[in-house]
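A.B. asks: Sequence and predicted structure below; questions after.
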Amino acid sequence: MVRVMRWQSAGEAETARLAGRIARCLRPGDVVGLIGALGSGKTCFVAAACRELGVPGRVRSPSYTLLNVYQGRIPIYHFDLYRWEPAGRGAELEEWEEFTEGEGISFIEWAERLGGTLAPGALIVRLEHAGGDCRSVELSAPRARAAELRKALEREGS
């Protein structure tokens, strides 16, 4: 993985704008793993990305259902693995490749819980508390995609 870019966000609105910029660079089949502590803004990030991708209505964390499916310009698969227990409930993700290798975009909150089984081409968004409402946001991507994303994001504006 190569760090594509790192930003400092002064609040939720700024993080939402950043999520929109990143969403405009996504394409069908992309998997975005989100990593961060509770309250770091993972669900807010996904909601803003979904708005940019044409999802109408409210985007909610699928904490209790594991997966929410939204229809925007393309299908959006929103996973939340916070309550997922790999040893006891692994069957729930048995067919998850159906979503992550399809024609939509997958967002996976708590992606680190998958260990080494996250799609090899996944993009990683790491959100960290940086005091108050501020967040540090880092986007990493496989080497083959990193330069492409960096150029696209620079065109979107720093």
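C.D. replies: That came in fine, so what should we check first?
A.B. asks: State whether Ala13 is indeed within a helix.
C.D. replies: Yes: membership of Ala13 in a helix is supported by DSSP: H, G, I helix; E, B strand; the rest coil.
A.B. asks: That one: neighbour count?
C.D. replies: Ala13: 12 surrounding residues under other CB atoms under 10 Å. Yep, even glycine has a C-beta here, placed from its N, CA and C like the rest.
A.B. asks: Distance check, it against Arg135.
C.D. replies: Ala13 is 11 Å from Arg135, where distance means CB to CB, to the nearest Å.
A.B. asks: tell me how far the ends of stretch 38-46 are from each other?
C.D. replies: Terminal residues of stretch 38-46 are spaced 14 Å apart (CA to CA, to the nearest Å).
A.B. asks: Give me the mean pLDDT for it.
C.D. replies: The average pLDDT within stretch 38-46 is 95.
A.B. asks: buried ones in it?
C.D. replies: Counting neighbours by 16 or more other CB atoms under 10 Å, one finds that the buried residues in stretch 38-46 are Ser40, Gly41, Lys42, Thr43, Cys44, Phe45, Val46.
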